[in-house]
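Colleague: here is a sequence with its predicted model. Questions after.
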Protein chains: 2
Amino acid sequence: MILVNGHPAETVDALDRGLAYGDGVFRTLRTQAGQPLWWRDHYAKLAKDCAALMLACPDEAGLRAEVCRVAGAGEGVVKIVITRGSGARGYAPPQDPVCSRIVLAAPLPAYARPDAPVDIVARWCALRMARQPRLAGIKHLNRLENVLARAEWDDPAIIEGLLCDDSGAVIGGVMSNLLIAKAGALFTPDLGQCGVAGVARTRLLRAMARRGVPLHIGRLLPDAILAADEVMICNSVIGVRRVCRLDDVTWTPAGWALLLNDALNEDVD
Amino acid sequence: MILVNGHPAETVDALDRGLAYGDGVFRTLRTQAGQPLWWRDHYAKLAKDCAALMLACPDEAGLRAEVCRVAGAGEGVVKIVITRGSGARGYAPPQDPVCSRIVLAAPLPAYARPDAPVDIVARWCALRMARQPRLAGIKHLNRLENVLARAEWDDPAIIEGLLCDDSGAVIGGVMSNLLIAKAGALFTPDLGQCGVAGVARTRLLRAMARRGVPLHIGRLLPDAILAADEVMICNSVIGVRRVCRLDDVTWTPAGWALLLNDALNEDVD
């Protein structure tokens, strides 16, 4: 089921600026028994991303009701798209835009289903991400880099590709954030120049701070990934997953992914 | 009038990847008496951009017929959007995508109408463009940088904003390419890292080569713009326009814009 501005629909206005320019933001969240997981964090992130692009964020209660309306009874995914709405041709944002709101349900992807392998096989992507601090961290609709990076492989056994920016720093996965453990501490890339600062990452940062686990946000080079005790990716659909293989490099479990998954799902926020 | 995949429609599939990820390309061209101007160049550029993103380019004759079908009798603009079509959620391109094709007509923008001032007032934008060689030159649907840059001003007297990349090199206008004249030669920014290589620019490069006018494509810094004999912008809707003022700097005509406009419209290709 798809709701467009609150009404069941299969289509959106052909003049929507989301289509014309990718002028909008989105969220992908997991649902269980018709309820969104981590809703407070997802709404907070949506509001932050909307503010960064000067978009009006929908009312929280109304949006949550729409998420519940489209969500299936079991486990699934709901996607929320907010665009700057329809407008005349031209880049200039309309003076008083009426944002479009698209809420749709989708099944869990194969790699997130209960019968899928828990650990993840990953690869390095050749594409280098451009650095644009004005858009960094935001889950906006300009995602051609992700599309091109994901198009680099079609082996279904490979779940994720890791990306560096054009300075050589590791940024994260095509669809996930990256964390590594080394000598009792956690490290995750700084996303001030590019990448998406996802909700799972935010929850982990908070949970690790609460537990007093040292966590460093900074510049990580590929060598640091290869030298890690454990390499993990995270997002709102798969939670935390251990990378058991990255191209030719393999790791045995060091226990961090289990710890982080527990922390991720703590419902204390 | 809007044609979606050849049929009159007001809407597109809510699951279109053009909306989800900006996964597509577009063209904006001028029409006169129901016919597209510079069609051969526009189609060639569309085909090139489609190839760069691994999209199937529509058949030329059929697409041209659609352009003519939507074009009004007088002067106007037609926009063509090609996306990777609808797909399941997720960045991975579908194995056999069926591209979407949206062809729509729009009136000439105010600054392109015959009664608008011929010369253009411009400003510098604060936003710095990110450098992504994989997407440079392509008129793709990831245009948030243009939207944010265009949102920097709302004075209707200012028609264009000039943009630099994050290395400080001038790239062009928000909606146009840039050329400057200095000491009998023309210069235009290299677009190997970012920016859109438009059809008007391509036609000018070809025409100047034909006429033996020296034209250099390279790195241009803001100081070179300010020191130019004439500063010009070009695109398929406005042709070549002289910049008479750029923030506080003004220029008197040096004759180049007239020469280039003539060359641009030569129908020898």
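Modeller: Yep, that arrived.
Colleague: for the nearest residue to residue A:1 once chain neighbours are set aside, give me its contacts.
Modeller: In this structure, residue A:1 finds its nearest non-sequential neighbour in residue A:70, 4.6 Å apart by CB to CB, 6 or more residues apart in numbering or on different chains. Placement of C-beta: from N, CA and C, glycine included. Contact criterion CB atoms under 8 Å, 6 or more residues apart in numbering or on different chains gives A:1, A:2, A:3, A:78, A:103, A:104, A:105 as the residues in contact with residue A:70.
Colleague: count the neighbours of the first one for me.
Modeller: Right, residue A:1. Look at residue A:1: counted by other CB atoms under 10 Å in any protein chain shown, it has 14 neighbours.
Colleague: that one contacts residue A:106, doesn't it?
Modeller: No - proximity of residue A:1 to residue A:106 does not meet the contact threshold set by CB atoms under 8 Å, at 10.4 Å.
Colleague: low-confidence ranges, chain A, go.
Modeller: Along chain A, the parts satisfying pLDDT under 70 run over A:268-269.
Colleague: all helices for it, in order.
Modeller: Remark: helices assigned in chain A by DSSP state H are A:17-21, A:39-52, A:60-70, A:144-150, A:199-211, A:222-226, A:256-265.
Colleague: which one is the spatially most central residue of chain A nearest to, not counting chain neighbours?
Modeller: Chain A has residue A:198 as the residue nearest its centroid, 4.6 Å off, counting by CA atoms, centre = their mean. Across the structure, with CB to CB, 6+ apart as the measure, the residue nearest residue A:198 apart from its sequence neighbours is residue A:177 (5.0 Å).
Colleague: and that neighbour, what does it touch?
Modeller: With contacts defined as CB under 8 Å, 6+ apart, residue A:177 is in contact with A:188, A:189, A:195, A:196, A:197, A:198, A:200, A:201, A:233, A:234, A:235.
Colleague: and for the fourth one, the neighbour number?
Modeller: Residue A:196 is surrounded by 24 other residues when neighbours are defined as other CB under 10 Å.
Colleague: and the residue nearest to residue A:1, how far from chain B?
Modeller: Residue A:70 is 12 Å from chain B, where distance means CB to the nearest CB, to the nearest Å.
Colleague: ditto for residue A:208
Modeller: 28 Å.
Colleague: surely that residue and residue A:185 touch.
Modeller: No - using CB under 8 Å, residue A:208 makes no contact with residue A:185, being 9.6 Å away.
Colleague: next, the contact list for residue A:125, please.
Modeller: Applying CB under 8 Å, 6+ apart, we find residue A:125 in contact with A:149, A:152, A:161, A:162, A:163, A:164, A:174.
Colleague: residues contacting residue A:226?
Modeller: In this structure, residue A:226 makes contact with A:246, A:249, judged by CB under 8 Å, 6+ apart.
Colleague: distance of it relative to residue B:235?
Modeller: Distance, residue A:226 to residue B:235, using CB to CB, to the nearest Å: 47 Å.
Colleague: how about residue A:125?
Modeller: Using CB to CB, we find residue A:125 at a distance of 33 Å from residue B:235.
Colleague: could you list the domains of chain A?
Modeller: A:2-108, A:120-265 (automatic domain parsing).
Colleague: residue B:27 is nearest to which of those?
Modeller: Using CB to CB as the measure, domain A:2-108 is the one of the domains of chain A that comes nearest residue B:27, at 12.1 Å.
Colleague: quick one, which of residue A:208 and residue A:185 is more surrounded?
Modeller: When residue A:208 is set against residue A:185 and neighbours are counted by other CB under 10 Å, the residue ahead is residue A:208, at 19 against 13.
Colleague: nearest residue to the more buried one other than its sequence neighbours?
Modeller: Residue nearest to residue A:208 in three dimensions, not counting chain neighbours: residue A:215, with 4.5 Å by CB to CB, 6+ apart.
Colleague: double-check the one you found against residue A:181; I have them as touching.
Modeller: No - under the contact definition of CB under 8 Å, residue A:215 does not touch residue A:181, with a separation of 9.8 Å.
Colleague: joint contacts of the two?
Modeller: When CB under 8 Å, 6+ apart defines a contact, the residues bordering residue A:215 and residue A:181 alike are residue A:187.
Colleague: of the two, which one has the most company?
Modeller: With neighbours defined as other CB under 10 Å, residue A:215 and residue A:181 compare such that residue A:181 has more, 22 against 18.
Colleague: and the more buried one, how far is that from chain B?
Modeller: The span separating residue A:181 from chain B equals 27 Å under the rule CB to the nearest CB.
Colleague: what of residue A:38?
Modeller: Summarising the geometry, the distance separating residue A:38 from chain B, computed by CB to the nearest CB, is 18 Å.
Colleague: so what's the residue count around the spatially closest residue to that residue that is not a sequence neighbour?
Modeller: Once flanking residues are discounted, residue A:38 sits nearest to residue A:199: 5.9 Å by CB to CB, 6+ apart. With neighbours defined by other CB under 10 Å, the count for residue A:199 comes to 27.
Colleague: hmm, back to that, drop anything exposed from the contacts of residue A:70.
Modeller: Of all the contacts of residue A:70 considered here, the ones buried according to neighbour count by 16 or more other CB atoms under 10 Å in any protein chain shown are A:2, A:3, A:78, A:103, A:104, A:105.
Colleague: just the closest of those to residue B:61, please.
Modeller: Sorting those by how near they are to residue B:61, with CB to CB, puts residue A:2 at the top with 35.0 Å.
Colleague: is it true that that closest one touches residue A:81?
Modeller: No - the pair formed by residue A:2 and residue A:81 falls short of the contact definition of CB under 8 Å, at 10.1 Å.
Colleague: joint contacts of the two?
Modeller: Overlap of the contact sets of residue A:2 and residue A:81 (by CB under 8 Å, 6+ apart) consists of A:102, A:103, A:104.
Colleague: got the residues of the stretch 101-250 of chain A near chain B?
Modeller: Taking CB under 8 Å from any CB of the partner chain as the test, the list of the stretch 101-250 of chain A residues beside chain B reads A:102, A:104, A:106, A:109, A:127, A:129-132, A:134-135, A:140-151, A:154, A:166, A:174-175, A:194.
Colleague: narrow those residues to those that are buried.
Modeller: Among these, those that count as buried by neighbour count (16+ other CB under 10 Å) are A:102, A:104, A:106, A:109, A:127, A:129-132, A:134-135, A:140-151, A:166, A:174-175, A:194.
Colleague: how much space is there between the closest residue to chain B within the stretch 151-269 of chain A and residue A:243?
Modeller: Among the residues of the stretch 151-269 of chain A, residue A:151 lies closest to chain B, at 5.2 Å counting by CB to the nearest CB. Residue A:151 sits 21 Å away from residue A:243 when distances are taken as CB to CB.
Colleague: so for stretch A:30-48, first residue to last residue, what's the gap.
Modeller: Between the opening and closing residues of stretch A:30-48 lies a distance of 19 Å (CA to CA, to the nearest Å).
Colleague: which non-adjacent residue is nearest residue A:73?
Modeller: Here the nearest residue to residue A:73 in space, its sequence neighbours aside, is residue A:34; by CB to CB, 6+ apart that works out to 6.0 Å.
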